[in-house]
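Asker: Structure, please.
(one chain, ligands or ions: 2)
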Amino acid sequence: SSSLEVAAPSLAGFTGVALLLFWEQLWKRVIVTGASTGIGEQMAYHLARMGSHILVTARTEAKLQKVNGKLSTHTCTCIPAISYSTLMPAPLISGGLDMLILNHIGKSYFSYFDGDVGHVQKLLQINFLSYVAMTVSALPMLKESEGSIVVVSSMAGKVGFPLTVPYSATKFALDGFFSSLRQEFSMQSVNVSITLCVLGFINTGKISPKEECALEIIKGGALRQREVYYRYASTKIPLLIRDWAADFLDYLIRKCYNTENLKKN
Ligand SMILES: NC(=O)C1=CN([C@@H]2O[C@H](COP(=O)(O)OP(=O)(O)OC[C@H]3O[C@@H](n4cnc5c(N)ncnc54)[C@H](OP(=O)(O)O)[C@@H]3O)[C@@H](O)[C@H]2O)C=CC1
Ligand SMILES: C[C@H](CCC(=O)NCCS(=O)(=O)O)[C@H]1CC[C@H]2[C@@H]3C(=O)C[C@@H]4C[C@H](O)CC[C@]4(C)[C@H]3CC[C@]12C
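Answerer: Ligands and ions are numbered 1, 2, ... in the order given. Sure, this is the predicted structure:
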């Protein structure tokens, strides 16, 4: 389809082609949550190109059907009307699974913390607790396939950025849960990899395009990396500063924060 052809140039790099060939040998079965728009949608297109069996979720049926239409020549199952706002319903997964990509997020605001505890609770349910519930449901199958869990997080889940208090809290929680779980897997010889993806601001322009970001996430998961940094320099360097000069990094973030530009997204 046209949109898959549009995505093709981003796979042109050597690692992209190598991954594609490697992936096709394995014929992966993958779940991508929050795949109706943004980075999740782009991951669905990349995975389809690699010949994966994919299951995509989101709340809005119309948007998911649009994505499904572009994936029609591939094996794709849509689970629309899935909302993670209430405690996870029955597991949506049956049969085998090789990779669980947890990507969805609920809507939040981009301004000073307004004291709304209910909003923090709701966002924790969508952005954090549902990730825990999905992981618990999928774990028997992932153990069987020695598969992978990929958790999409943010710079705002590693460093304190202003104006994103509830969102940031949910992303820090993911790091705590999945880093601790990774340790336990290692101690219990559970061969399921956990990849935490630390993303900077993804824009629609050429600097950090969502198509490239989506491919980096899939690559990191397939290679069973502990963490993915995208873009590497602009996420990794601030984190190195954080560990040695936290106050200085906080100062730099406040100084460089372009709120007007971010509010437009
Ligand atoms: N964009 C960026 O600059 C950055 C993004 N990230 C991370 O990347 C990931 C993807 O972000 P992005 O592509 O911008 O996200 P989008 O806002 O484009 O997509 C969010 C997805 O989640 C779904 N969703 C929203 N609310 C719910 C809900 N209550 N239950 C189930 N599904 C829901 C949406 O579909 P629907 O509304 O139909 O349910 C949509 O498919 C996120 O984890 C985000 O934190 C990290 C750093 C920067
Ligand atoms: C401003 C933060 C990123 C700093 C950075 O990486 N700059 C270099 C970019 S470069 O690679 O192009 O050179 C942002 C890191 C995470 C962002 C927030 C987020 O995770 C999700 C929301 C996305 C939405 O579109 C805008 C608001 C966000 C809360 C977003 C705000 C900016 C970040 C904190």
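
Asker: contacts and neighbour counts: CA atoms only from here.
Answerer: Noted.

Asker: show me the contacts for Tyr131.
Answerer: Leu102 (C-alpha atoms under 8 Å, 6 or more residues apart in numbering).

Asker: Was I right to think Tyr230 contacts Glu216?
Answerer: Yes. Assessed by C-alpha atoms under 8 Å, Tyr230 is found in contact with Glu216 at 7.5 Å.

Asker: Compare the two (neighbour count), which wins?
Answerer: A side-by-side neighbour count of Tyr230 and Glu216, using other C-alpha atoms under 10 Å, places Tyr230 first with 23 against 20.

Asker: now the more buried one: how far from ligand 2?
Answerer: The spacing between Tyr230 and ligand 2, counted by C-alpha to the nearest ligand atom, to the nearest Å, is 7 Å.

Asker: likewise Val30?
Answerer: Val30 sits 24 Å away from ligand 2, going by C-alpha to the nearest ligand atom.

Asker: Look at that residue and say how many residues are nearby.
Answerer: 23.

Asker: a strand runs through it, doesn't it?
Answerer: Yes. Using DSSP: H, G, I helix; E, B strand; the rest coil, the secondary structure at Val30 is a strand.

Asker: Can you name the residue of the stretch 151-265 of the chain nearest to ligand 2?
Answerer: Going by C-alpha to the nearest ligand atom, ligand 2 is nearest to Gly200 of the stretch 151-265 of the chain, at 3.5 Å.

Asker: For that residue, which residues are in contact?
Answerer: With contact set as C-alpha under 8 Å, 6+ apart, Gly200 has these partners: Ser154, Met155, Tyr230, Arg231, Ser234, Thr235.

Asker: go on, Ile253?
Answerer: Going by C-alpha under 8 Å, 6+ apart, Ile253 touches Phe161.

Asker: any idea how far Gly51 is from His119?
Answerer: 39 Å (C-alpha to C-alpha, to the nearest Å).

Asker: In terms of neighbours, single out the busier of these two.
Answerer: Neighbour count, other C-alpha under 10 Å: between His119 and Gly51, Gly51 has more, with 20 against 16.

Asker: still on that earlier bit, quick check, nearest of the contacts of Gly200 to Thr60?
Answerer: Ser154 (23.8 Å; C-alpha to C-alpha).

Asker: Using the three-state scheme, assign Arg242.
Answerer: helix.

Asker: how about the nearest residue to it, chain neighbours excluded?
Answerer: Spatially, and ignoring its direct neighbours in sequence, Arg242 is nearest to Leu249 (5.9 Å; C-alpha to C-alpha, 6 or more residues apart in numbering).
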